[in-house]
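Chemist: Please work out how this folds:
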Amino acid sequence: MKACAFVVGPPDGPGAALRDMARRLGFETVLPFGGVAQADAQAAQTPLMFFLFAAVDDPRTLRAAAEAVRFCPGRRVRFSPLIYFSESPSMAAIRQCAAMGFDDVITLPFTPSRVADRLQRQIDRTQVYFETASYFGPDRRASAGGQEYGHSGRGSGGRHRRLEIIRSIPGGVSVLRDDAQVVT
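Modeler: Residues are numbered from 1 along each chain as shown. Okay, here's the model as predicted:
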């Protein structure tokens, strides 16, 4: 796959296992995540990038890296899929990742076919993103059972943007629609 996988995690253990899996899945480039400047530079060479987060004891420790990606000015970085690999199917961990704007949380087993299928869901499909002052990521309002995951939603007042995007291997990210709204 002509895409780059940035692995967010330690150089050994879960981080090393995730880098090995990304190579087996056929990512053209697999790099440890060294910050958004590195990702911005890579975007010029590889238009489509994935950020693969290795399992940690507390997913909230991933907030700084997730926010660095999600609030990066560069569109190719900002709209890149954030995928967390969780070693347990904890609903608390899944909710924490959703609140940080992750696109998907994959739990064990991390089989190559299962992971490849989940990653493929991020490509060549229209994705709806939602942006407020404190949240940027997939629009989860319909699937969250009414929970807002830390962002101002409809009916609660405030400004928000609804964006429709599509990711492709040759072109990276394209914004199909951008609707800014003010809710009173």
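
Chemist: Who are the packing partners of the top helix by length along the chain?
Modeler: Looking across the chain with DSSP state H, the single longest helix is helix 14-24. Counting contacts by 3 or more Cβ pairs under 8 Å, 6 or more residues apart in numbering; DSSP states H and E, helix 14-24 packs against strand 4-8, strand 29-32, strand 49-53, helix 112-120. From N, CA and C alone the C-beta is placed, and that goes for glycine too.

Chemist: how far is the second one from where the chain is centred?
Modeler: This means strand 29-32. Counting by Cα atoms, centre = their mean, to the nearest Å, strand 29-32 is centred 16 Å from the centre of its parent chain.

Chemist: can you give me the strands in this protein?
Modeler: Applying DSSP state E to the chain gives strands spanning 4-8, 29-32, 49-53, 82-86, 104-107, 126-131, 136-138, 158-168, 172-183.

Chemist: sorry, back to before: for the longest helix of the chain, list every residue counted as buried.
Modeler: By neighbour count with 16 or more other Cβ atoms under 10 Å, helix 14-24 contains the buried residues Pro14, Gly15, Ala17, Leu18, Arg19, Met21, Ala22.

Chemist: ok, the closest residue to the first one other than its chain neighbours - contacts?
Modeler: Right, the one you point to is Pro14. Excluding the flanking residues, the one nearest Pro14 by Cβ to Cβ, 6 or more residues apart in numbering is Ala54, at 3.8 Å. Shown in contact with Ala54 (Cβ atoms under 8 Å, 6 or more residues apart in numbering): Val7, Val8, Gly9, Pro10, Gly13, Pro14, Gly15, Ala17, Leu18, Phe85.

Chemist: And for Leu108?
Modeler: Residues near Leu108 by Cβ under 8 Å, 6+ apart: Ser86, Glu87, Ser88, Pro89.
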